[in-house]
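In: Generate coordinates for the sequence data below:
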Amino acid sequence: MTDQRTSGTATVMFTDVESSTDLTTRLGDDAAASLLTTHNAIVLDQVAAFGGHDVRSTGDGFLVVFDGATNAVRCGAEMVRAAKAVGVQIRVGIHTGEVEFIDDNARGVAVHAAARVMAVAGADEVVVSETTRDLVEGSGLSFDDAGRHALKGLSGERQLYRLVPADLAASGR
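Out: Numbering: from 1, shown residues only. As a prediction, the model looks like this:
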């Protein structure tokens, strides 16, 4: 049996429930599990609505790929808004680059970069790489400078941007 391998440019998104351990401790196992189930449904509904592909769950988050950067950023904004409405704070990191797909899995430096971008995001934030920000130029989305960051395992510092809160409130489709 051989693996199906393809590669190409994709926009990679990682999501994470902010302070999920604290949430579980505060709510208890059953209530936290119920809230996580609600969170998962919200995320997967938005992934489908914005044309993304759910690659895998990371326990309290997701790895998702998109064909285009604008849909990824708008999806992230809508995820944050919808999760916040049910009392869950998430953080989202997005990067665009070359991705290798083996069967239904995604790998490569771009995947690692997206995970590191997400690690910079705080609760209710969508943080994107400079590459992704440049690709959404003209989309009407606005970003604040999130600074230069040394991303673990990647060379040099990378410029990151935070989606402005007004765009989180009105992400549009």
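
In: for the longest helix along the chain, which positions count as buried?
Out: Longest helix in the chain, counting residues (DSSP state H): helix 29-49. Residues A32, L35, L36, H39, N40, I42, V43, L44, Q46, V47 are the ones in helix 29-49 that count as buried (16 or more other C-beta atoms under 10 Å). The C-beta positions use only the backbone N, C-alpha and C, and glycine is treated the same way.

In: After it, which helix or strand is next?
Out: Counting by DSSP states H and E, the element after helix 29-49 in chain order, helix or strand, is strand 53-57.

In: Would you mind measuring from L44 to H53?
Out: 11 Å (C-beta to C-beta, to the nearest Å).

In: Same check on F101?
Out: Going from F101 to H53 by C-beta to C-beta gives 9 Å.

In: Between these two, which has more neighbouring residues?
Out: Between F101 and H53, counted using other C-beta atoms under 10 Å, F101 has the larger neighbour count: 19 against 15.

In: need the strands for this protein, in chain order.
Out: 5-17, 53-57, 62-66, 90-102, 105-107, 125-129, 143-150, 157-163 (DSSP state E).

In: Could you identify which of the ones you listed has the lowest mean pLDDT?
Out: When the strands of the chain are ranked by mean pLDDT, strand 105-107 comes last with a mean of 86.

In: Need the residues that contact that one.
Out: A10, V12, V55, R56, L63, V65, V99, E100, F101 (C-beta atoms under 8 Å, 6 or more residues apart in numbering).

In: how about 10 Å then?
Out: For strand 105-107, the external contacting residues (C-beta atoms under 10 Å, 6 or more residues apart in numbering) are 3, 7, 10, 12, 53, 55-56, 63-65, 99-101, 111, 114.

In: May I see the buried residues of it?
Out: Neighbour counts using 16+ other C-beta under 10 Å place A106 of strand 105-107 among the buried residues.

In: That strand: how far from the chain's middle?
Out: Remark: strand 105-107 is offset 15 Å from the chain centroid, using C-alpha atoms, centre = their mean, to the nearest Å.

In: Repeat that for stretch 69-83.
Out: What separates the centre of stretch 69-83 from the centre of its chain is 8 Å, taken as C-alpha atoms, centre = their mean.

In: could you give the mean pLDDT of that stretch?
Out: In the prediction, stretch 69-83 has an average pLDDT of 96.

In: do stretch 18-32 as well
Out: Stretch 18-32 shows a mean pLDDT of 82.

In: starting at the chain centroid, how far to it?
Out: Its chain's C-alpha centre and that of stretch 18-32 lie 21 Å apart, by C-alpha atoms, centre = their mean.
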